[in-house]
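Colleague: take this sequence and fold it.
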Amino acid sequence: MDSDTSLLFVSTYTNFDNLAHAPKGTPDESGLLVFRINEKTLDAELLTVSEAMNPAFMRFHPKLNVLYACTESIHEDGRILAYQVSPSSGRLTLISDESATGTSTCYLTLDRSLSNMLFVNYWDASIGALGVDGEGKLHSVKSIYRPKQGLVATARSDHLTNRQSEPHSHAVVLDPYWARIAYVPDLGEDNVKQFVFNSNSGDLSPAGSVAAGPAGVVHGPRYIVFHSSVNVAYLVNELSSTVAVFEVDLAGIQDLIHRTCSKETLKRIQIVSTIPEAFPKNKNTCSRIAVHPSGKFVLVGNRGHNSIAVYKVDLNRGGTLSTVGIFSTKGRTPRHFQFNEAGTLVFAANQDSGSVSIFRFDCESGSMTYTGHQLDVPSPNFIVCDRPRSEVPETYAPCE
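Modeller: I've put the predicted structure just below:
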């Protein structure tokens with residue numbers, strides 16, 4: 001694979017009936033698509049198609065040609081899948097298939113040792129860890145944490161009414177300093193839960209929580225990301241269409257690690273809107289948040305306003321944000337977006353219009369320019385763009 005090409009992995013929804021939400025597009029027949037894309041010409045070639053039920057989140061191993069995906073269903077336990085990836089053909093070979101022991105699996109995180117895969121089940125708010133071996137294969141769940149409060153909603157029909165009356169974990173992100181504190185945004189309880197993570201046992205021990213935003217507003221926290229060079233974290237609030245900016249208390253993290261106390265390690269210093277003031281907030285929900293590879297910008301997806309908001313990071317003011325612009329994704333319901341390795345391209349997965357739109361990203365100004373290129377993909381929900389390592393031997397044992 002030459003320096004101008006990457007592999008683009010796109011996961012799609014295949015069955016709308018067992019989702020916690022209700023997509024309005026067309027279900028896909030497969031689930032996982034692999035494209036080869038030329039980053040200069042933007043020519044894209046569909047290489048392979050693999051069948052999987054509602055894969056809804058993916059993660060690429062940082063050292064191996066292994067792609068991980070989890071399946072999303074409120075009626076059955078999620079599956080966490082591992083695929084060997086052929087860099088030349090894009091072929092996916094299933095090498096692991098493990099249960100998440102919970103429903104509507106929605107997030108995956110590899111720990112720093114690459115020996116644990118942390119996961120989140122949205123529907124029952126459980127979080128846990130599976131073992132990962134040196135070949136990237138998954139092993140069965142080694143630990144699981146389940147909240148004491150049970151579910152109020154029993155079906156999708158009453159989920160939207162009750163989702164703020166019950167816990168709904170949406171992500172699990174390890175602190176970038178010692179990789180020992182797991183931060184879990186809980187959309188239902190309107191906070192970010194803190195857990196002390198033991199990489200040997202995989203255990204997650206509760207250690208307090210942090211409010212998602214000012215009191216009196218329903219926020220619905222979805223994802224949290226940390227800046228690479230400033231001690232700051234950014235939390236996207238799905239229901240209030242805001243980004244909360246937090247200063248990270250490093251000493252507080254150390255206290256949690258060594259004393260397992262319940263101390264807030266995040267201090268909110270700013271909150272900014274992701275949509276124009278005139279746009280009705282009840283018509284929008286936020287999706288992905290990401291820090292640009294340069295560290296200069298933060299991007300957030302808007303479903304409803306159908307846009308990506310771009311903010312400039314002020315490195316001299318604690319990583320606070322100022323709006324660069326809000327750019328149309330040229331499609332409906334951008335559930336996810338992804339950069340290429342250099343950060344010069346943005347791929348936006350427009351779930352309900354069945355398209356992946358491609359934008360040039362100006363790494364100096366933060367401006368996004370639509371290239372006119374789109375991939376026709378039914379109900380895309382997640383994108384991974386990667387340049388795989390050298391070819392993996394064919395002796396790599398597949399999953400039976």
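Colleague: could you tell me the end-to-end distance of stretch 29-43?
Modeller: 24 Å (Cα to Cα, to the nearest Å).
Colleague: number of nearby residues for Gly213?
Modeller: Residues lying near Gly213 (other Cβ atoms under 10 Å) number 20. Where you see a C-beta, it was placed from the backbone N, CA and C, and this is true even at glycine.
Colleague: same deal with Asp133?
Modeller: For Asp133, using other Cβ under 10 Å, the count is 11.
Colleague: same question for Glu247.
Modeller: 18.
Colleague: got a list of what it touches?
Modeller: Glu247 is in contact with Asn231, Val232, Leu266, Lys267, Ile269, Gly318, counting by Cβ atoms under 8 Å, 6 or more residues apart in numbering.
Colleague: filter those down to the buried ones.
Modeller: By neighbour count, with 16 or more other Cβ atoms under 10 Å, those hold Asn231, Val232, Leu266, Gly318 as buried.
Colleague: of all pairs in these, which one is the farthest apart?
Modeller: Leu266 and Gly318 (12.8 Å; Cβ to Cβ).
Colleague: pull the CA atoms of the helix or strand Tyr370 falls within into CSV?
Modeller: Using DSSP states H and E, Tyr370 sits within strand 368-376. C-alpha atoms of strand 368-376 as CSV (Å, rounded to 0.1, in the frame of the first residue of the first chain):
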residue,chain,number,x,y,z
MET,A,368,-13.8,22.3,6.3
THR,A,369,-14.3,22.2,2.5
TYR,A,370,-16.6,19.7,0.9
THR,A,371,-14.8,17.9,-1.9
GLY,A,372,-17.9,16.8,-3.8
HIS,A,373,-17.0,13.1,-3.1
GLN,A,374,-19.4,10.8,-1.3
LEU,A,375,-19.5,7.0,-0.7
ASP,A,376,-23.0,5.5,-1.0
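Colleague: quick revisit: can you name the two of the contacts of Glu247 that sit furthest apart?
Modeller: Checking the contacts of Glu247 with Cβ to Cβ, the most distant pair is Leu266 and Gly318, at 12.8 Å.
Colleague: which elements pack onto the top strand by length along the chain?
Modeller: Criterion DSSP state E: the longest strand present in the chain is strand 92-103. Strand 92-103 sits against strand 66-71, strand 77-85, strand 116-121, strand 126-132, strand 138-145, with contacts defined as 3 or more Cβ pairs under 8 Å, 6 or more residues apart in numbering; DSSP states H and E.
Colleague: got CSV for those strands, with distance to Gly295, mean neighbour count and mean pLDDT too?
Modeller: Shown next, in CSV, are those (distance: least, Cβ to Cβ, whole Å; neighbours: other Cβ atoms under 10 Å; pLDDT from 0 to 100):
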stretch, distance to Gly295, mean neighbour count, mean pLDDT
strand 66-71, 26, 26, 98
strand 77-85, 28, 24, 97
strand 116-121, 24, 27, 98
strand 126-132, 28, 23, 98
strand 138-145, 32, 17, 97
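Colleague: want to throw these into TSV with distance to Val192?
Modeller: Putting those into TSV (distance: least, Cβ to Cβ, whole Å) gives the following:
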stretch	distance to Val192
strand 66-71	21
strand 77-85	22
strand 116-121	13
strand 126-132	13
strand 138-145	15
